[in-house]
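model the structure of this input:
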Amino acid sequence: MSEAALRGPRPRAGLLLLGAAAALAALFVSALTWGEYPLSLADVAAVLWAELGGGAHGRAQTLEAIVLQVRLPRAVAALAVGAALAAAGATYQSLFRNPLVSPDILGVSSGAGLGAVLAIVLALPAPLIQVASFAGGLAAVAVVYAIARAVRTVHDEVLVLVLAGVVIGALFSAGVSLLTYLADPYDQLPVITFWLLGSLSGAGASALWAALPALLLGLVPLVLLRWRVNVMSLGDEEAQALGVHTLAVRAALIVAATLLSAAAVSLAGMVGWVGLVVPHMARMLVGPDFRRLLPAALLLGAGYLLLVDTAARSLAGAEIPLGVLNALVGAPFFLLLLVRTRRSWQ
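Residues are numbered from 1 along each chain as shown. Model (predicted):
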């Protein structure tokens, strides 16, 4: 990334971010009305007003259950997962200076998948499946980073990180395949398949509260180190010349992005394309400066997954897995971005 690109004026960036925030708010309210059981804005507003202490809403308890126990937690989970994956993807793409990098580049998705599948095979309760998924994602990235640190004196650390991530990801994916083969085909296999395809149907309030600390711990360092991400994107030699401790900053950014990715996967299962496509969309709108790119990715990622999840539970009688719908939407859109973007991503 050139210095001129970082300093280039983006007078519309603030207006674009405000517009994205307003569109996200409108989409969030609309998501509460869409579904197999459609509701009006008046019904949703009455239920929310009563919940906030404004008085009795006079509606049936069914409406209250749909809004407060099903759609509201799921919509908030979609916002959190989409924002987390987009922020992690933007961080990895800037850190590795590669537009094809996604949050699972270091094996976090495969590790989280192995942890969740192992918990399902062991017949653990749902909260422990979420914990096992989160722990598996962290363990995979820890192994990858340990390998990179062990051989960094021989090879370039960034290259070793990527290669080790591919190898460890493949190893953990093999473990997932083995456990899937050994699982009970009647009780466990359907649960494993549905989880691996991605879904927010089980993302209730308790799951959200459990994932919230990891999401905050992952997001805060990215906000605090946002200008250092710009410097790191210049390359290690330039960053060190500007006084940045590249090893420490890279480790902090990887840990933060891993926390976001692992928490997102533990909530929604294997959800792809968000961390790859959304950072490109954000970069096209506000440029490569990470100080603007991060909030843009957060807003666009949250809105993107909320829209996809709303479509997943509304388009058909049975819920469409997020992984399937994301691939159907994300792959053609990414190809369109490649065709339209003729200049370098930076």
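
for the rest of this, base every contact and every neighbour count on C-alpha atoms.
Will do.

mean confidence for the helix or strand hosting residue 262?
If you go by DSSP states H and E, residue 262 is part of helix 246-268. Computed over helix 246-268, the mean pLDDT rounds to 91.

show me what the very next helix or strand once past it is packed against.
For helix 246-268, the following helix or strand on the C-terminal side (DSSP H and E) is helix 274-286. If you count contacts as 3 or more Cα pairs under 8 Å, 6 or more residues apart in numbering; DSSP states H and E, helix 274-286 packs onto helix 13-31, helix 72-96, helix 290-312, helix 322-340.

buried ones in the helix holding residue 262, by neighbour count?
246, 249-250, 252-268 (16 or more other Cα atoms under 10 Å).

any stretches of the stretch 1-150 of the chain with poor pLDDT?
1-11, 54-60 (pLDDT under 70).

deepest of the helices and strands packed on helix 274-286, which one?
helix 72-96 (a mean of 28; mean count of other Cα atoms under 10 Å).

just want the angle from that one to helix 13-31.
Relative orientation of helix 72-96 and helix 13-31, computed by axes from the mean of the first three to the mean of the last three Cα atoms, to 10 degrees: 150 degrees.

after helix 72-96, next one along is what?
Helix 72-96 is succeeded, C-terminally, by helix 108-121 (DSSP H and E).

contact partners of that following helix?
Helix 108-121 has contacts (Cα atoms under 8 Å, 6 or more residues apart in numbering) with 103-104, 128-130, 132-141, 169-170, 172-173, 175-176, 179-180, 183-184, 188, 191-192, 196, 258, 261-262, 265-266, 269-270.

if you set the cut-off to 7 Å instead, what comes out?
Here helix 108-121 makes contact (Cα atoms under 7 Å, 6 or more residues apart in numbering) with 129-130, 132-141, 169, 172-173, 175-176, 179, 183, 188, 192, 196, 258, 261-262, 265-266, 270.

mind checking how far the closest residue to residue 205 other than its chain neighbours is from residue 200?
Distances taken as Cα to Cα, 6 or more residues apart in numbering place residue 73 nearest to residue 205, at 5.7 Å, with adjacent residues excluded. Noted for residue 73: a distance of 9 Å to residue 200, by Cα to Cα, to the nearest Å.

on that earlier part again, and residue 164, which of the helices and strands packed on helix 274-286 is closest to it?
Counting by Cα to Cα, residue 164 lies closest to helix 72-96 out of the helices and strands packed on helix 274-286; the figure is 14.0 Å.

which other helices and strands contact that closest one?
In terms of contacts (3 or more Cα pairs under 7 Å, 6 or more residues apart in numbering; DSSP states H and E), helix 72-96 is packed against helix 226-232, helix 246-268, helix 274-286, helix 290-312.

using CSV, lay out these together with distance to residue 27.
Output for the helices and strands packed on helix 72-96, formatted as CSV (distance: least, Cα to Cα, whole Å):
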stretch, distance to residue 27
helix 226-232, 28
helix 246-268, 20
helix 274-286, 17
helix 290-312, 7
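
which stretch among those comes nearest residue 21?
Among the helices and strands packed on helix 72-96, helix 290-312 comes nearest to residue 21, with 6.4 Å by Cα to Cα.

contact partners for residue 266?
112, 130, 133-134 are the contacts of residue 266 under Cα under 7 Å, 6+ apart.

take those and keep only those in strands.
Among these, none falls in strands (DSSP state E).

what's the most distant pair in these?
112 and 130 (9.0 Å).
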